[in-house]
Structures are given as C-alpha cells and as structure tokens.
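J.: Take a look and give me a structure for this.
(one chain, ligands or ions: 1)
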Amino acid sequence: MNQQGRPTTAEPVDARRETFTGNRALQIEEPLLFEIGRHDVSGVDVDAPQTKGNRLGARRRTTPIDLPALSEPEAMRHYVRLSQKNYAIDMGIFPLGSCTMKYNPRLNEAVARLPGLSDIHPLQPPASVQGALELIHELGRWLIEITGMHSVAMSPKAGAHGELCGMMAIKAALAAAGETRTKVLVPESAHGTNPATAAALGFTVVHVAESGDGTVAADDVRAALAEHEGEVAAIMLTNPNTCGIFEPDVVAIADAVHEAGGYFYCDGANLNAIMGKAKPGDLGVDAMHINLHKTFSTPHGGGGPGAGPVVLSERLAPFAPLPLVARDGDLYHLIEHASENGGQSFGRMTAFHGQMGMFVRAYAWMLSHGADGMKQASEDAVLNANYIRAGLEDVMSVSYPAHRAMHEALFDDRFLKESGISTLDFAKAMIDEGFHPMTVYFPLVVHGAMLIEPTESESRASLDLFVATLRDLVFAVKDGKTERFTEAPRFTPRRRLDETRAARQPVLKWTRPEPYRDAAE
Ligand SMILES: *Cc1c(COP(=O)(O)O)cnc(C)c1O
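T.: Down below sits the predicted model:
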C-alpha cells in the first residue's frame, strides 16, 4: 500500500489494463506457475526430516531449489483456471477446416470407461481379453465394409502415422517385386503431412499443380508420370481434397498411376464427406488411412490421442504391419510374427495393437449410428458446409464456385481487398465474438484461405448464428471499422501476439526476473 492506503497492483498497470486485478470478469489472469509459486509454502504438511548428518559433502545444494511452491488450493486453482482457457468442441462450434472437429457423444465416453475395456493390459493372454480383441476385429470389419477395401491395419496411432504405414506397405510391395521407384506425386493442395511422409521414407516429392478449379487433372498426372517414367512409386491424393471438392478425375488418375506401375495412396482424412455414399475401394485406392478421431468422432486436438487405421487393397494386404487380430471360429487371437502370415509383413508400427480407447469410442459411435445413420452423418456434414457457403457466398469470396462444396467450404481474401484487413485480422475478430476461427492460410493454393468445416454435429441454430456473425464482420469491413479487426482480439486475456517472432525465436525456458532472484539468494 502507498501512503494514502491505496493498494497497488503487483504488476505495472499497462495501458490496456481495465481492472485492478487484470482479470476480465470471470476470466482470471493466470501467471505462470513459477510466477505465483514461492519458497515459503508447501502443499504438504509434514514434519522436518530428522537427518543425521549429511552425506552429500561438497555436493550439497547451497542455493534454493527454485521450484514453485504452492499450497494445494493454489496449485489446484492454477490448473483449473488454465483448463478454462481452452476452447473446446464441448463449448461451441470448432469450424477448423480439414480437422473435422465434431462433437463426441458422452455415450462413447461412458462405454470407453467400462472396466472390462479400460482396465486391461496389452500383455494379457488373449484368452482373457476376447471381448477387446473382438471389438478391434469388428471395428476393422466395419472399416473394410465402409471403404470397400480388402483388409485393415489397426495399429497406426494418427493420420500421419497411418500415411507412414500405408507408404511403408507400398515401399515393401515394390521391394518385393524387385523395383526401386524413388518418386511420389503429391498435389499442391495436399495436407503437409503427405509430402512429409514421402520425404521421411526417402522418396523425392514431385508436385502436381492444382488445375485452376481446385482439383487435380488426370492430364497433369499423366504428364508427370510420363516425365518421371518408371520412377513413380505412388501418388498421394486426398479425396475429397483439401479445397473441399470431390476429385472428378479420381478414377482416371487411379488408372493412370496403376498403368504406370505405381500405387494410389489416398489421404482418407475427409472420409466423413463420403462415408456410406462412395467406397474408396471402388475408386482404385490401394492404401488409405482413416482418422477415427475425425470421421468417427472421438476427441482430438492438442496433440492427441488419435487413431489412424489403414485400409489396404488385396495387393498390399500381405505387407500389412503386425500384430493383426484374427478370428478362428468363435475365438480371436493375435498374429504376432510374419511367419504366421505369409512372411511379407514390413514389421510393426507400434509396440501393441493401437489406440484401444479410440477404438472403443469409434465403435460405440458406429453402433449408435448404424449404417443408415453414418450415411446420414455424411449427408448432414455436406449439407451443413453448403449451408454455410450459401449463407456467405454473396458477401465473402468462394474460391471455387464451379464445384459444390463437400464437407467444408473454402473462401479466400478477395472480399477483403483494399480494406487493409487480412485473413488473420478477420479470424482474430471472430475470437472476440466467441468463435474459434476457421482454418486460415490453408490450403496454400488460394490466397488468404479461410476453410470452414462445420461437421454434421452443428444444429441449424448454431450455423445461423455463425453465418450471421461472419456477415456482421463483413459489413464492419465494408463500413471501414478497421480497428475491430486490427486490434482484435480485444477481449481475450492475451491480445495479438507476435506469432512470427514466437515461431522464429521461441523462448522455451522461463528465467526468473532479476529482483526476485536477488531476493532469493
Ligand atoms: C488431419 C489430417 C491429416 C493428419 O492426421 P493426424 O491425425 O493429425 O496426424 C492428414 N491429412 C489430412 C487431409 C488431414 O485433414
């Protein structure tokens, strides 16, 4: 307190600070654990140890250990307050294009927590986990049925891991045929994991241009195959693609790649747009990962967990990774060794069978939907994306109006032209309105991309509010209310961050401010 008894804040009051505490109503300002921790308290209340001398000698610590000490309620509140800073699909629409952030019904969580499914160990004898093995087998059977493929490898743990699995199967198949093909075709619009996977396996990535309408043209693929004759191991194609368009030439592309001796790897992350409507197996796909954490709900984001089973064509099936769950009459067992399975498996992707918890959630979701419900989920996902597109197309710029949107609607920044407002500014202003922004600046093939994927789990009322909010923002752009964008977000605990600097010069270690350090010593 100063001389007049007026309290002062711990931190210097910055110009933007509008409250004494720095809190914004019930959004509590949250410093780092090290900043709120002290040396003089402890979360535990134990007597000082009765030490008999010290055997560390010169190694004995002379400075404070410098860990943040807090009482139990302080520690608890810190983490609960941090958790409340997360935006989540359970709080509102999460319109990230390509990420398929759909609601995960609580039923799935309840089933995943059944002790017979959650309290088991992968090293238990198969006889004691028949139900779990049956669930993996049944889920795999459904995935084969939905995709029209020959077999499935359940163990990959995410989409990108599935890509690695599928491409390793392709590499193994080529090696078995005595071929060394070193190149992989990847369209410009691909998800970054596609070229990364190919490169990680030692392939050279050959880019195929987008044809001007957001699709990949069979002629461009044929030209690339001709230019790199005999060298192309595979094409990695996403369908529907990352512009939200079903590739019209997909069958011709598959045929051309097969004729040239290559394989068709399909990035199946967008299966939620075609599930129950079109089977990738009918389109000539050889290998495809399925993001269970996208198409079949199950939680994701923040780094996991996910599950990326890979469906394979008959030609690639012998090379699938182990273990595989097999059925023998009424009993299920694990194929653990290549010798039990034709001897051509390329090995293992993980120690065990995959993400059991995700399998349970996906299977619960499938059973509760049924075949007709899954088909309707795709239809509703596509309907919702087109509803958003129709609600915004007169005021925002639809990137590829010639094609109907599938599960996501792609806009670009042409409608912001000459306003001085960028895609990033526009997205930040959405945060002030309580929305998580859409995916921005991806796919790279359009300038200032805004990719919106509502998924089927949003109601019409939710979509209407989203559309009305974006329309209001567009009119604010037109009215020249620039500060609503360039100053955004205005109502968050942290404002506009220097993201470029944060990415280029990441500060990964916190150092205690000088005055405190002096006081501690
Ligand atoms: C999400 C996604 C991936 C990667 O999946 P992860 O589970 O995040 O590894 C790959 N391709 C596309 C098109 C995706 O949307």
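J.: Next one: the lengthiest helix in the chain, is it in contact with the ligand?
T.: Taking DSSP state H as the criterion, the chain has its longest helix at helix 356-392. No - Helix 356-392 is not in contact with the ligand by CB under 6 Å from any ligand atom; minimum separation 10.6 Å. To be clear about C-beta, it is placed using only N, CA and C from the backbone, and glycine gets the same treatment.
J.: Centre of the chain to that helix, how far?
T.: 17 Å (CA atoms, centre = their mean, to the nearest Å).
J.: which phi and psi does the residue of the chain found nearest the ligand have?
T.: Of the chain, the residue with the smallest distance to the ligand, taken as CB to the nearest ligand atom, is residue 159 at 2.2 Å. Dihedral angles of residue 159 (phi, psi; degrees, to the nearest 10) stand at phi -60, psi -50.
J.: Likewise for residue 355?
T.: phi -90, psi 90.
J.: any idea of the mean pLDDT in the lengthiest strand in the chain?
T.: In the chain, with assignment by DSSP state E, the single longest strand is strand 232-238. Mean per-residue pLDDT for strand 232-238: 98.
J.: Tell me the buried residues in that strand?
T.: 232, 233, 234, 235, 236, 237, 238 (16 or more other CB atoms under 10 Å).
J.: who's in contact with the fourth one?
T.: To tie it back to what came earlier, the one meant is residue 235. 184, 185, 186, 208, 221, 253, 257, 262, 263, 264, 265 (CB atoms under 8 Å, 6 or more residues apart in numbering).
J.: Take those residues and keep only those in helices.
T.: 221, 253, 257.
J.: Please, a ChimeraX command that selects the buried ones among those?
T.: Buried residues within the ones in helices among the contacts of residue 235, by 16+ other CB under 10 Å, are selected in ChimeraX with:
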select :221,253,257
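J.: got CSV for the ones in helices among the contacts of residue 235, with pLDDT too?
T.: CSV is the format used below for the ones in helices among the contacts of residue 235 (pLDDT from 0 to 100):
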residue, pLDDT
221, 98
253, 98
257, 98
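J.: Would you map out the domains in this protein?
T.: For the chain, automatic domain parsing gives the domain ranges 106-366, 375-504.
J.: among those domains, which is the most enclosed?
T.: Most buried of the domains of the chain, by mean neighbour count (mean count of other CB atoms under 10 Å): domain 106-366, with a mean of 20.
J.: Look at it and report the distance between its end residues.
T.: 14 Å (CA to CA, to the nearest Å).
J.: interface residues of the stretch 301-450 of the chain facing the ligand?
T.: Going by CB under 6 Å from any ligand atom, the residues of the stretch 301-450 of the chain near the ligand are 306, 308.
J.: Any stretches of the stretch 1-150 of the chain with poor pLDDT?
T.: 1-3, 8-17 (pLDDT under 70).
J.: interface residues of it facing the ligand?
T.: residue 98.
J.: Repeat the analysis, applying 8 Å as the threshold.
T.: Within the stretch 1-150 of the chain, the residues that sit near the ligand (CB under 8 Å from any ligand atom) are 98, 99, 100.
J.: Could you report the separation of the nearest residue to the last one once chain neighbours are set aside from residue 145?
T.: When the adjacent residues along the chain are set aside, residue 100 lies closest to residue 294, with 3.5 Å between them (CB to CB, 6 or more residues apart in numbering). In this structure, residue 294 and residue 145 are separated by 19 Å, where distance is defined by CB to CB, to the nearest Å.
J.: same check, this time on residue 373
T.: Where residue 145 is concerned, residue 373 sits at a distance of 14 Å (CB to CB).
J.: can you check residue 69 too?
T.: 57 Å.
J.: Same check on residue 504?
T.: For residue 504, the distance to residue 145 - CB to CB - is 48 Å.
J.: Residue 100 and residue 456 touch, don't they?
T.: No - look at residue 100 against residue 456 with CB atoms under 8 Å: they stay out of range, at 9.8 Å.
J.: Quickly list what's touching both of these two.
T.: residue 272.
J.: For residue 76, give me its contacts.
T.: Applying CB under 8 Å, 6+ apart, no residues contact residue 76.
J.: One more: residue 481?
T.: Counted by CB under 8 Å, 6+ apart, residue 481 has zero contacts.
J.: Quick check: which element contains it?
T.: For residue 481, there is no host helix or strand (DSSP states H and E).
J.: distance of it from residue 425?
T.: Taking CB to CB, one finds residue 481 at 11 Å from residue 425.
J.: before we move on, what about residue 124?
T.: From residue 124 to residue 425 the distance is 54 Å (CB to CB).
J.: what do you get for residue 65?
T.: 45 Å.
J.: Could I get the contacting residues of the closest residue to residue 252 other than its chain neighbours?
T.: In this structure, residue 252 finds its nearest non-sequential neighbour in residue 218, 3.8 Å apart by CB to CB, 6+ apart. Counting by CB under 8 Å, 6+ apart, residue 218 touches 249, 252, 253, 256.
J.: Quick one: those as TSV, columns for distance to residue 4 too.
T.: Rendered in TSV, the data for those read as follows (distance: CB to CB, whole Å):
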residue	distance to residue 4
249	77
252	81
253	77
256	82
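J.: what ranges do the helices span in the stretch 401-521 of the chain?
T.: Applying DSSP state H, counting those that start in this stretch to the stretch 401-521 of the chain gives helices spanning 423-432, 460-478, 483-486, 499-504, 514-520.
J.: How about residues contacting the shortest one?
T.: Helix 483-486 is contacted from outside by 420, 421, 425, 426, 428, 429, 432, 473, 476, 477, using CB under 8 Å, 6+ apart.
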